[in-house]
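Trainee: Just a sequence and a predicted model for now, questions to come.
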Amino acid sequence: MTDSSQLFDVLGALTLGGLLGAIGQGLRVIAGLKKMNDDAQTADASVEDLFSAARLATSLMIGFVAGVATTLSLGPAKLMNVDPSASAQILLGVIVAGYVGSDVIEAFTRNLASVPAPKIDAALFARTGAVSLPATPPSLPPPVSSTPSLPVAPGRSVTFRGPMSTFGGPHDPGVGPNEGLALLEESDIPAYPGLFLPQQPPGTTGLARRLDPDAFYIACRWNYDDTPKAHLRKIEVSVVNPSTGAAERAQPVDWGPNENTGRVADLSPGLAHKLGLSTNQNCVVVVPLPESAAPAAPPTPATHLKVLKTDEIREIFGRFAYEESAPRGAIKITDDWAKDNIVTVEIAALAHLVPNGEIACNKAIAEPLRAAITEIAARDLLDRILKWDGCHVPRHKSWNPARDLSAHSWGLAFDINARWNAYGADPAPKGSVGSVVELAPIFESFGFAWGGYFRPDSARDGMHFEFCRRPSSSGQIV
C-alpha cells in the first residue's frame, strides 16, 4: 500500500469517527428537543423562542470532534480494519464518545502530551464512557481512575455536605419570574460568558430564570463573614458526588436553599446531570477561603504510629523470590508466597470504588482494614474516600529499582485519594476535596500508619496508609 493510500485510509477513518461522534451527539440533541418541546408547552411559549440553531451546530461539531479524538485514541486502524466480531462494540464506543462530547475532548486534550498516548477500552467505554488514562511515568505511582481531577484550592477551605436539589433556568417553577440572584446582577452578565441565556425568557425579568440550565452554577447558604460576596463572585467551588467521586467546578450565583428544606446546596440541572445526582442525594461542596481567612493547618500529633523497616517486614511477613518486571520499578513474585499470603477481602462499603468491593491484600490486614472502613462508615465519613488507588502492587519504593521494596509488595499498604495527596507534597488540608486528615486517626487505631506524617517533608505521602503492627509473644499480629 502506498503512503498516499494509507493517508486517505487514515483520513477516511477519522471522518468516519467524526460522523459517528456527530450521530452520538445528535441522539443527545433529539432528547434535548423533546424536553424543549415539553418545557415550551409548560411555559406557554413556542419552541422557536427556546431553539438556537447556533447551539445545535455547536453540539454536532462537539460530537464530531469527540469522535475524531476517540478514533485517534483507539488508533485509526481500528476503524480501517474493523473485526466483524468486535465492530458493533467499537462503533458503539465511538458513538457513545460523541454523546458524551466535551468530556472526551477534555480528557483527550489533557493527556495529549503524555507518553504513551491515552488508550480507550472500547468495551468499557461503550458501557460507561470512561477513558483509561496511561500509566504515570515510573517515578510516580500510577493512577487507576479516569475521573477528572480538580486543582486543590490554595489556602484552606470550608465544606458543605448533605442533600442537594436543582434550580434556575427559564422553566424552574421553584423561582419566581422576577426573582434575582444574591451574588450577580444584570450588569454582570458580560463578565460571566456561558452562564446566562442570550435573551431574557419571555414573561420574566429575573436573572434566576435567565440562567442557562446547562451551565455549572450553584447556590449554598454562604457565610458572608468567611466568604464575602466579592470573594464568591471571583472563585469557583468544587462539587463532588461522594458516591462516585465525580467532581466538577461551579460558579456561586445565589444564596440558598432555605434551611427548612434540609438541603445544603442547589445545583444547576446541567451540573447535577454531569455528576449523576438527583434531588435529595448527597453532595460535597468545597469552598476555598480567602487567603486572609485561611486557618492554620492541624499540627502533627506528638505521638503517632511509625512504619516498620523493610527488613522488619521481611522477618514478620515473610520473604519471597522475585524478578524485575514492567513497567520500570515493578516486580514479579516468582514463588508461592503470594498464593499463601495474599487474600481477597470483600468490603461492601467500597463497592462504588472497587468492583464488588473486592481488595487483594495481605491476610494479616484483611480484618483490620474491614474494621477500619466499617468504623469510618459508622462515623459518616465514608464520603471522604473518593478514590481507591491500590493495595497489593509488587514494586520498589517510588517505582525506583535502585530502592528497596515497597510495603505494597507485601499487600500491607494501600493508597486512597492519590490525585489530591501527591507524594512529597503537603496532604490536602481538612475540609478540602480529597482530604484524608479526618480518616488518619481512625486508620491508626486499627494499626495503619499515615504517610502524611512522614519526615522529612519531601517524603510526605498523604495518600498512603501502611500496616505496622508487630506480632505478640504468641506469634499473633496485634
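Mentor: Alright, I've got the coordinates.
Trainee: From now on I want contacts and neighbour counts done on CA atoms only, so please keep to that.
Mentor: Will do.
Trainee: wait, doesn't Glu323 sit right on Thr334?
Mentor: Yes: with contacts counted by C-alpha atoms under 8 Å, Glu323 reaches Thr334, the gap being 7.0 Å.
Trainee: in this structure, which helix or strand is least confident?
Mentor: The least trusted helix or strand in the chain, going by mean pLDDT, DSSP states H and E, turns out to be helix 122-128, with a mean of 39.
Trainee: so what's Lys229 up against?
Mentor: Residues near Lys229 by C-alpha atoms under 8 Å, 6 or more residues apart in numbering: Leu183.
Trainee: Can you give me the distance of it to Pro290?
Mentor: Distance, Lys229 to Pro290, by C-alpha to C-alpha, to the nearest Å: 11 Å.
Trainee: so how many other residues sit close to Asp380?
Mentor: 10 (other C-alpha atoms under 10 Å).
Trainee: mind checking pLDDT for it?
Mentor: Looking at Asp380, its pLDDT reads 91.
Trainee: Going forward, count from 27.
Mentor: Done: numbering now begins at 27, and the last item shifts to Asp406.
Trainee: does it sit in a helix or strand, and which one?
Mentor: Using DSSP states H and E, no element contains Asp406; it sits outside every helix and strand.
Trainee: Stretch 359-377 spans what distance, first to last residue?
Mentor: Using C-alpha to C-alpha, one end of stretch 359-377 lies 28 Å from the other.
Trainee: ranges for the helices of the stretch 377-504 of the chain?
Mentor: 392-404, 466-471 (DSSP state H, counting those that start in this stretch).
Trainee: Just send these back as a markdown table, with mean neighbour count and distance to His418 too.
Mentor: Listed next are the helices of the stretch 377-504 of the chain as a markdown table, based on neighbours: other C-alpha atoms under 10 Å; distance: least, C-alpha to C-alpha, whole Å:
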| stretch | mean neighbour count | distance to His418 |
| --- | --- | --- |
| helix 392-404 | 17 | 12 |
| helix 466-471 | 18 | 18 |
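Trainee: With respect to Thr41, which of the ones you listed lies nearest?
Mentor: Nearest to Thr41, of all those, is helix 392-404, at 48.9 Å by C-alpha to C-alpha.
Trainee: which strands and helices sit next to the closest one?
Mentor: For helix 392-404, the packing partners by 3 or more C-alpha pairs under 8 Å, 6 or more residues apart in numbering; DSSP states H and E come out as strand 368-372, helix 466-471.
Trainee: And the pLDDT for Lys60?
Mentor: Predicted confidence (pLDDT) for Lys60: 62.
Trainee: do the same with Ser99
Mentor: Ser99 is given a pLDDT of 67.
Trainee: got any ranges where the chain has weak pLDDT?
Mentor: Within the chain, the segments meeting pLDDT under 70 span 27-32, 57-78, 80-81, 99-116, 123-182, 317-330, 482-484, 497-504.
Trainee: can you give me the strands in this structure?
Mentor: Remark: strands assigned in the chain by DSSP state E are 183-192, 243-246, 263-266, 273-281, 291-293, 308-314, 348-350, 357-359, 368-372, 384-388, 439-441, 474-476, 490-493.
Trainee: now those in CSV, with distance to Val462 and mean neighbour count?
Mentor: Listed next are those as CSV, based on distance: least, C-alpha to C-alpha, whole Å; neighbours: other C-alpha atoms under 10 Å:
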stretch, distance to Val462, mean neighbour count
strand 183-192, 14, 20
strand 243-246, 24, 26
strand 263-266, 15, 24
strand 273-281, 17, 21
strand 291-293, 23, 27
strand 308-314, 14, 24
strand 348-350, 33, 12
strand 357-359, 29, 17
strand 368-372, 22, 17
strand 384-388, 19, 21
strand 439-441, 11, 22
strand 474-476, 9, 26
strand 490-493, 10, 26
